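K.L.:
Sequence and predicted structure, then a few things I'm wondering about:
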Amino acid sequence: MKYFTIEELTKSDTATRRGIDNEPTEEIKKNLTTLVDKVLDPLRAAWGAPIVVNSGYRCPALNEAVGGSKTSDHMLGRAADIEAADRTRASNARLFALVQSLGLSFDQLIDESNMSWVHVSYRSETENRKQILKL
């Protein structure tokens, strides 16, 4: 983990406001580390500028509080919602394209709300579905 931290991937203003304990287990920390090592760090290195994590790990209570899917990979520490540091849709679209052009292994790559942010998840080399979606 070169560019990201576990703290950055577990921080949540919603959890803080609502008093939700979003502390990950050791297994979830391992999943977050794998996500960073396989996807986020290589992406950040190629991008050449900061990438903001809007949402990483979400415990079930936090996931419910933010209206996340009941089967969300966020709850397993296998997904992150990210944005380019300038938080523009154009930069997020370039980030989305860069994940694909780098040939990074991922489970899902999702254009959320017309490039308001990018969701990327990683399960394992054998489980990744390589789904590219637009929501």
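P.N.:
In hand now; what should we look at?

K.L.:
Now the element after the lengthiest helix in the chain, going C-ward?
P.N.:
With DSSP state H setting the assignment, residue counts place helix 89-101 as the longest helix in the chain. The first helix or strand that comes after helix 89-101 along the chain, using DSSP states H and E, is strand 108-112.

K.L.:
Tell me the spacing between the residue lying farthest from the centre of the chain and residue 74.
P.N.:
The outermost residue of the chain, judged against the average C-alpha position, is residue 19 (22.4 Å), by C-alpha atoms, centre = their mean. Remark: distance between residue 19 and residue 74 (C-beta to C-beta, to the nearest Å) = 19 Å. Yep, even glycine has a C-beta here, placed from its N, CA and C like the rest.

K.L.:
Identify the bridge partners of the most centrally placed residue in the chain.
P.N.:
Centroid-nearest residue in the chain, with C-alpha atoms, centre = their mean: residue 80, separated by 1.0 Å. Beta-bridge partners for residue 80, by DSSP bridges, are residue 120.

K.L.:
Tell me if I'm right that it and residue 43 touch.
P.N.:
No: if you go by C-beta atoms under 8 Å, residue 80 and residue 43 don't touch, sitting 10.2 Å apart.

K.L.:
Find residues that contact each of these two.
P.N.:
Counting by C-beta atoms under 8 Å, 6 or more residues apart in numbering, the residues touching both residue 80 and residue 43 are residue 120.

K.L.:
where do the helices sit along the protein?
P.N.:
Applying DSSP H to the chain gives helices spanning 6-10, 13-18, 26-35, 41-47, 60-65, 89-101.

K.L.:
In CSV, list these along with distance to residue 116, mean neighbour count and mean pLDDT.
P.N.:
Putting those into CSV (distance: least, C-beta to C-beta, whole Å; neighbours: other C-beta atoms under 10 Å; pLDDT from 0 to 100) gives the following:
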stretch, distance to residue 116, mean neighbour count, mean pLDDT
helix 6-10, 19, 18, 97
helix 13-18, 17, 12, 96
helix 26-35, 21, 17, 98
helix 41-47, 18, 17, 98
helix 60-65, 19, 16, 98
helix 89-101, 7, 16, 98
